[in-house]
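Engineer: below are the sequence and a predicted model; questions follow.
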Amino acid sequence: MTTGEARRAFEAAYDRAPEAVASAPGRVNLVGGHTDYNQGLVLPVAIDYRTAVAIAPRDDGRYRLRSTDFEGEVRVDGLPDDPLDTHDAMWANYPLGVLVELAAADLTAERGLDLLVAGDVPRGAGLSSSAALEVATAAAAYALDTPGEALPRRDLAEAAWRAETGFVGLDCGIMDQYASALCRAGEALFLDCRSRETRGVTFDDDGLRTVVVDTRVEHELASSAYNDRVRECEAAVARFDASLGDVTSLRDVDRDALVAHSDDLPSTLRRRARHVVTENERVRTAVDALEAGDVEAVGDCMFESHASLRDDYEVSCRELDAVVELAWETSGVLGARMTGGGFGGSVVALVEAGAVDDFRAHVDAAYAERADTDVDPRTFVCSAAEGVSVG
C-alpha cells in the first residue's frame, strides 16, 4: 500500500488534498512469542504490507475519520475521553487513542482533523494491523505539526502502545508498535521489552523468503485466553518472588531457578513459566545464529518455539499446528511457528526461495484435511521491510 493511494483516496473522500501522509508496516515475529508483556526478548521483522494514514487539519475542532476497509464516516467533536462503543465506529478508537496520547505528551497540537486510512495489512491475521494503523497515525500527526523534522520513532511507538493499552484497553506488550516504528529494511529487530533497548540484526533474505500463511481462523476465546495468560504469568511471578525475592516479571527467572523451584508451582503455572524462560533463551540463540549467518539454526528455534507455544503455553490450535506440520514436511522450509496472539491467525515460515512454490502447493493440497476445516488459507511472501515513513 503506497502513500500515493492513500492520498488519492483522501482527496476523493474529502474533496481536498491531505497535508501529511505516513505509512507503517505490519510485522511477523521470528521468535519471542508472548514474551513481550513478560518484559522479555523478541525478534520481529517488519513486512512489506503497510497501512497508510492521510490527514489534514480542520479549524472547527471536529474529527472526521474514514477507512477504505469500512463503510461510512466516524465524526467526533473534539478528542473523546473514552473509546467509542458503537460497533461501526470501534475501528476509529485506534487512531483516536493515538491522537489523545500524542496531545497528552505534547508531541502534537490538539485540533480537528480529517483522516483517512488505507492499507493492505491483513486484519485478523496476527500481523499487527492495529499497530501499523497506530504508528502511521502517530507519524502523520507529528509530521503535520513539525514538517521536515526527523520522526522521534521511539516516542511515537510509546504513544501508540499507550493508546492500545490505555484508550483501546488491550493489555499488550510493546513489540508490535516498536517493530512497526523502528524496524529497518533487511533487518530483524532485537528488542529487550524491559529496557526498551533495540539492535538491528542483519536478516539477509537473499535466497530466503518469509512466507506467512493466514489460516483465516479467528477463535472467540482468543482475547479472553490472552488475558488469562497474562494473569497466569503474574501468578507465577508472585510464586517466584515469594521464593527468590526481587522477581517482578518472568524476565527475572532463569532456567536454574525454574528447575530449582518448579515444584513450588502448580502444573499450569510451571508450564507457562517454562515457555517464557526458554523462549527468551531461543531469542538469544536466534540472534546469535543470524549474526553468524546460520539460518538453519534460526529455523530450528522457530520450530521449537511453536512446540513450546503449543504444549506449554497452550495458545495454538489445530489450524496453526496443521500449517507448521506441513512446513516440517516440506523440503526447503527451515522453520515455522505461529505468530501473533494465537488461537487462529497466521504461521510464519522461513523458506528457501526455490521451495516457496512447493510449500504453497503442499499447504493448498493438504491443509483442509489436516486442519479439518473448509476454510482456505491465504499465503503471503514477504520481505524484511522498512518501518514507519512519511511522504
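Structural biologist: Thanks, I have it.
Engineer: buried ones in stretch 181-190, by neighbour count?
Structural biologist: Across stretch 181-190, burial judged by 16 or more other CB atoms under 10 Å covers 181-183, 186-190. (C-beta placed from N, C-alpha, C; glycine too.)
Engineer: what lies in contact with that stretch?
Structural biologist: For stretch 181-190, contacts defined as CB atoms under 8 Å, 6 or more residues apart in numbering pick out 24-25, 27, 30, 41-46, 135, 138-139, 153-154, 156-157, 160, 178-179, 191, 198-205, 283, 287, 290, 383-388.
Engineer: tell me the buried residues within the residues you listed.
Structural biologist: Going by neighbour count (16+ other CB under 10 Å), these have 24-25, 27, 30, 41-46, 135, 138-139, 153, 156-157, 160, 178-179, 191, 198, 201, 203, 205, 283, 287, 290, 383-388 buried.
Engineer: in helices, which of the residues you listed fall?
Structural biologist: Of the positions in the buried ones among the contacts of stretch 181-190, 135, 138-139, 153, 156-157, 160, 178-179, 283, 287, 290 sit in helices, assigned by DSSP state H.
Engineer: walk me through the domains of this structure.
Structural biologist: For the chain, the structural domains run 3-27+45-183, 208-382, going by automatic domain parsing.
Engineer: go through those and name the closest to H34.
Structural biologist: Nearest of the domains of the chain to H34, taken as CB to CB: domain 208-382 at 5.9 Å.
Engineer: show the average pLDDT along that closest one.
Structural biologist: Taken as a whole, domain 208-382 carries a mean pLDDT of 94.
Engineer: can you tell me how far the nearest residue to R62 once chain neighbours are set aside is from L151?
Structural biologist: The shortest distance from R62 to any non-neighbouring residue, by CB to CB, 6 or more residues apart in numbering, is to G112 (4.6 Å). Per CB to CB, to the nearest Å, G112 is found 23 Å from L151.
Engineer: immediately after the longest strand along the chain, which helix or strand?
Structural biologist: Assignment by DSSP state E gives strand 41-57 as the longest strand of the chain. Using DSSP states H and E, the helix or strand that follows strand 41-57 in sequence is strand 62-67.
Engineer: packing partners for the very next helix or strand once past that following strand?
Structural biologist: For strand 62-67, the following helix or strand on the C-terminal side (DSSP H and E) is strand 74-77. Other elements packing on strand 74-77 under the criterion 3 or more CB pairs under 8 Å, 6 or more residues apart in numbering; DSSP states H and E are strand 62-67.
Engineer: ok, H362 - how many residues close by?
Structural biologist: Per other CB atoms under 10 Å, the neighbour tally for H362 reads 19.
Engineer: I figured it hits T330, correct?
Structural biologist: Yes - taking contacts as CB atoms under 8 Å, H362 lies within contact range of T330: 5.1 Å.
Engineer: just give the nearest non-adjacent residue to G345, would you?
Structural biologist: Among residues not flanking G345 along the chain, G126 sits closest, at 2.9 Å (CB to CB, 6+ apart).
Engineer: can I assume the one you found is in contact with L320?
Structural biologist: No - applying CB under 8 Å as the test, G126 and L320 come out as separate, 9.3 Å apart.
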